[in-house]
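J.: Build me a model:
(chains A and B)
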2 protein chains.
Amino acid sequence: MSDNRIYNFNAGPATLPLPVLEEIQESFLNYKSSGMSITEISHRSSWFDEVINDAVARTRRLLGLSDHYQVLFIQGGASMQFAMVPMNFLGDGDTADYVNTGTWSTKAIKEAKLLGKSHNVVASSEDRNFAYIPKNISFSKDAVYAHITSNNTIKGTQWADFPDTGDVPIISDMSSDFMCRPLEMKKFGMIYAGAQKNIGPAGVCMVIVREDLLARCPDILPSMLNYKTFADKNSMYNTPPCFSIYCIQLVLKWLEETIGGLGAMETINREKAALLYDFMDNTDFYNATADKDSRSLMNVTFRLPSEELEKQCIKEATENGMGGLKGHRSVGGCRASIYNAMPVDGVKALVAFMKAFEKKNG
Amino acid sequence: MSDNRIYNFNAGPATLPLPVLEEIQESFLNYKSSGMSITEISHRSSWFDEVINDAVARTRRLLGLSDHYQVLFIQGGASMQFAMVPMNFLGDGDTADYVNTGTWSTKAIKEAKLLGKSHNVVASSEDRNFAYIPKNISFSKDAVYAHITSNNTIKGTQWADFPDTGDVPIISDMSSDFMCRPLEMKKFGMIYAGAQKNIGPAGVCMVIVREDLLARCPDILPSMLNYKTFADKNSMYNTPPCFSIYCIQLVLKWLEETIGGLGAMETINREKAALLYDFMDNTDFYNATADKDSRSLMNVTFRLPSEELEKQCIKEATENGMGGLKGHRSVGGCRASIYNAMPVDGVKALVAFMKAFEKKNG
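T.: Numbering: from 1, shown residues only, chains lettered A, B, ... in the order given. Modelled structure (predicted):
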């Protein structure tokens, strides 16, 4: 890696494409001959209009969005969405389905509960510490939405396919696998994603929402908690998080122009994940924690024979230029987050290191 | 200016100290030998702990905060605070006072109203298009707080002194004059400031709140809308807007170490404002719009004899490397925002340009 950069396997904030970082650095004191840094430019300027409009247009093209969807940028991360979703879409007498597949689903359910909104937890994988994605779920026919978490960063699981919910729109938290593969958008009423895993730095959450759900937003909500405020003003009712949106624009440009879109991205992501899982499936030293059919393409969670060895492995990996391999503090173990921006070479280097570590300690 | 940078008089996002921008640029691909960009570093790392803790410590020193205050970083800008303040502090039977001094005060009042919270508008300067700060206001004795806007970015007015509200704590939106001068903190129960004017880039709002108000936050609020969530977790209940906080840290370091603190900053700010106001007071060509005793040190709003001349003046200033002089779209005219980071030389250059423009067109 150039400039003594490491392979960064952190779960988020996470690695970003090097060409994106280089472009930001290059123009940081003088953005497009404006004489200003991108951080100093008015959000009411033509420079920033171009940034946000290009980010929206690229999102539309990458996901193949119809005109029925709006692309919004909202602050507060996915955690704010956990509250905004029920606040906006669940009126008196309405109810929603939730599937509990881990820490973040649990938090989404907690916020619906705090708000006193009617909701059903229609499936959960808590019985086996969230090591799998539930199957054959009976979704309610009369729910306003069915909420899922498409990828579970902490538990290392991911929905391989999305469930059939009939006429009920799926709302998915896609923070940790947004833009990792093409989506069949017609299943989704809304998707949202904190940027800091797969599309940019922390400080903004992308929200893609369909007009039938937008029509439900009640006028009595505070302005900044109403999706309509953002939809009506191209996410600029007040000053948006300009720098984060700018970074997203560049990451989306890289996805489209350098990688070649979401199909090509999925191929690369499957190659990276296979390198790690296939290696681990052929040794008893490393054990992937998620069920095979529920494994995440983004967050590969695994254990070693002892906590001591895990600690040693993480330490030696760090010394060898591979950072962020510690599992989430709530579960322990190891985790390699291999988001879009992690190059295949980074995963190859990790597998080579793991092989050598096993040889020494196995 | 180096690198063809302009003097940036935008109202926000706004000019930042050049040494801060240079430091960000320099380390952008590899922050403190971490091998990662600051945008890629985990918020649960020692690197980021140091950033946020240093930002808090510097805020404490600069404002001379006692232990009774907490320093928080919250997303959504001041507009989100307009809702969070009444949500957190006004329970059943409680009421609050609001002073209306312009566009942003009006919006703060609107959000209290949307939430159905009891509030009194105890003074307003709407009768003369908000050209002044009201005096001799009768504040309620039983209000939970008295809300003011210390500086009115759009109208170019600023509270020269803060009112006596007895035992009622003042809550002030200080987005456009935060850290421009020392504060007598004991008057304030809370101050908040969107960063993008005087302390950093867009994407984070600083909130300084006293423990007696924090004790009022109800447990039934959504987690991300409860100040206690942020106070209990050092603003890291979920991923914070790391890059914006990092920029704030560097701006506060510049304020402390290069400028020498808020007293020194105020002296410089008064010098800059005097250069502009004194010049305009001695000509009929330029007319400052705010009453003399209510003039802002931060946003100098003024008119020329005609809209045509204003347009021409802004255009020629831009050609001469001075940007962002257009007044807010809601009021027209001209506005020079001369925040902390605007050097005295920038204001001198502007006055010289204005003199020449008058000579040619006056």
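J.: show me where the stretch 251-362 of chain A has helices.
T.: Assigned by DSSP state H, counting those that start in this stretch, the stretch 251-362 of chain A shows helices spanning A:262-281, A:307-319, A:344-361.
J.: So for residue A:73, which of those sits nearest?
T.: Checking those against residue A:73 by C-beta to C-beta gives helix A:262-281 as the closest, at 19.7 Å. From N, CA and C alone the C-beta is placed, and that goes for glycine too.
J.: I'd like to know which elements that closest one is packed against.
T.: With contacts defined as 3 or more C-beta pairs under 8 Å, 6 or more residues apart in numbering or on different chains; DSSP states H and E, helix A:262-281 has these neighbours: strand A:287-288, strand A:299-303, helix A:344-361.
J.: Could you list the paired strands of the shortest one along with their orientation?
T.: So that's strand A:287-288. Counting by DSSP bridges, the strands paired with strand A:287-288 are strand A:299-303 (antiparallel).
J.: And for residue A:327, the neighbour number?
T.: By the measure other C-beta atoms under 10 Å in any protein chain shown, the count of residues near residue A:327 is 22.
J.: what's near enough to touch the spatially closest residue to it that is not a sequence neighbour?
T.: In this structure, residue A:327 finds its nearest non-sequential neighbour in residue A:333, 3.9 Å apart by C-beta to C-beta, 6 or more residues apart in numbering or on different chains. Residues near residue A:333 by C-beta atoms under 8 Å, 6 or more residues apart in numbering or on different chains: A:289, A:301, A:302, A:303, A:304, A:310, A:327.
J.: Neighbour-wise, which one of those leads?
T.: residue A:301 (27 neighbours).
J.: So for residue B:234, which of the helices of the stretch 251-362 of chain A sits nearest?
T.: Once these are compared by C-beta to C-beta, helix A:307-319 is nearest, at 24.5 Å.
J.: And the closest one, how far out from the chain middle?
T.: 26 Å (C-alpha atoms, centre = their mean, to the nearest Å).
J.: for stretch A:341-358, same thing?
T.: Using C-alpha atoms, centre = their mean, the offset of stretch A:341-358 from its chain centre is 22 Å.
J.: Residues touching that stretch, excluding its own?
T.: By C-beta under 8 Å, 6+ apart, the residues outside stretch A:341-358 that reach it are A:7-9, A:14-17, A:198, A:251, A:268, A:271-272, A:275-276, A:279, A:283, A:285-286, A:313, A:316-317, A:320-322, A:336, A:338.
J.: do that again at 6 Å, thanks
T.: A:7, A:15-17, A:272, A:275, A:279, A:285, A:313, A:317, A:320, A:322, A:338 (C-beta atoms under 6 Å, 6 or more residues apart in numbering or on different chains).
J.: can you tell me the helix or strand for residue A:230?
T.: helix A:227-232 (DSSP states H and E).
J.: Tell me where the stretch 1-150 of chain A has helices.
T.: A:18-26, A:46-63, A:77-89, A:103-114.
J.: show me what contacts residue A:189?
T.: By C-beta under 6 Å, 6+ apart, the neighbours of residue A:189 are A:145, A:169, A:171, A:210, A:213.
J.: burial count for the second one?
T.: Which is residue A:169. 21.
J.: That one against residue A:145, yeah?
T.: Yes - with contact defined as C-beta atoms under 6 Å, residue A:169 and residue A:145 form a contacting pair (5.3 Å).
J.: Would you mind giving the helices of the stretch 251-362 of chain A as TSV with mean pLDDT added?
T.: Formatted as TSV, those follow (pLDDT from 0 to 100):
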stretch	mean pLDDT
helix A:262-281	98
helix A:307-319	98
helix A:344-361	98
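J.: What parts of chain A come near chain B?
T.: Counting by C-beta under 6 Å from any C-beta of the partner chain, chain A comes close to chain B at A:3-6, A:8, A:10, A:13, A:15-16, A:21, A:25, A:28-30, A:35-37, A:39-40, A:42, A:75-77, A:79-80, A:83, A:111, A:114, A:196, A:201-203, A:222, A:224, A:238-239, A:241-244.
J.: which regions of chain A lie under the pLDDT threshold?
T.: For chain A, the stretches with pLDDT under 70 are A:1-3.
J.: Domain ranges for it, per the record?
T.: For chain A, the structural domains run A:22-258, A:261-361, going by automatic domain parsing.
J.: about what we covered before: can you say which of the helices of the stretch 251-362 of chain A is nearest to residue A:129?
T.: Among these, helix A:307-319 sits nearest to residue A:129 (C-beta to C-beta), with 16.4 Å.
J.: Could I get the buried residue list for the closest one?
T.: A:309, A:310, A:313, A:314, A:316, A:317 (16 or more other C-beta atoms under 10 Å in any protein chain shown).
J.: Now do that helix against helix A:344-361, angle only.
T.: Compare the direction of helix A:307-319 with that of helix A:344-361 by axes from the mean of the first three to the mean of the last three C-alpha atoms, to 10 degrees and you get 130 degrees.
J.: For helix A:307-319, name the packing helices and strands.
T.: If contacts are counted by 3 or more C-beta pairs under 6 Å, 6 or more residues apart in numbering or on different chains; DSSP states H and E, helix A:307-319 sits against helix A:344-361.
J.: Tell me the buried residues in the helix it packs on?
T.: Neighbour-count burial for helix A:344-361 flags A:346, A:347, A:349, A:350, A:351, A:353, A:354, A:357, A:358 (criterion: 16+ other C-beta under 10 Å).
J.: what's the spacing between the fourth one and residue A:299?
T.: Think residue A:350. 14 Å (C-beta to C-beta, to the nearest Å).
J.: just to revisit the earlier point, and which of the contacts of stretch A:341-358 is nearest to residue A:48?
T.: residue A:16 (20.4 Å).
J.: who's in contact with the closest one?
T.: Going by C-beta under 6 Å, 6+ apart, the list of residues near residue A:16 reads A:341, B:40.
J.: Could I get the phi/psi values of it?
T.: phi -120, psi 160 (degrees, to the nearest 10).
J.: same thing with residue A:237?
T.: Torsion angles, degrees, to the nearest 10, at residue A:237: phi -60, psi -50.
J.: Leaving out sequence neighbours, find the closest residue to it.
T.: Nearest residue to residue A:237 in three dimensions, chain neighbours excluded: residue A:229, at 4.9 Å (C-beta to C-beta, 6+ apart).
J.: I'd say that neighbour and residue A:238 touch.
T.: No - taking contacts as C-beta under 6 Å, residue A:229 lies outside contact range of residue A:238: 9.0 Å.
J.: Could you check which of those two has the larger neighbour count?
T.: residue A:238 (22 against 19).
J.: Tell me how far the more buried one lies from residue A:181.
T.: 33 Å.
J.: And residue A:270, by the same measure?
T.: 9 Å.
J.: So these two - more neighbours on which side?
T.: residue A:181 (17 against 13).
J.: in a helix, that's where the more buried one is, yeah?
T.: No - counting by DSSP: H, G, I helix; E, B strand; the rest coil, one finds residue A:181 to be coil, located in no helix.
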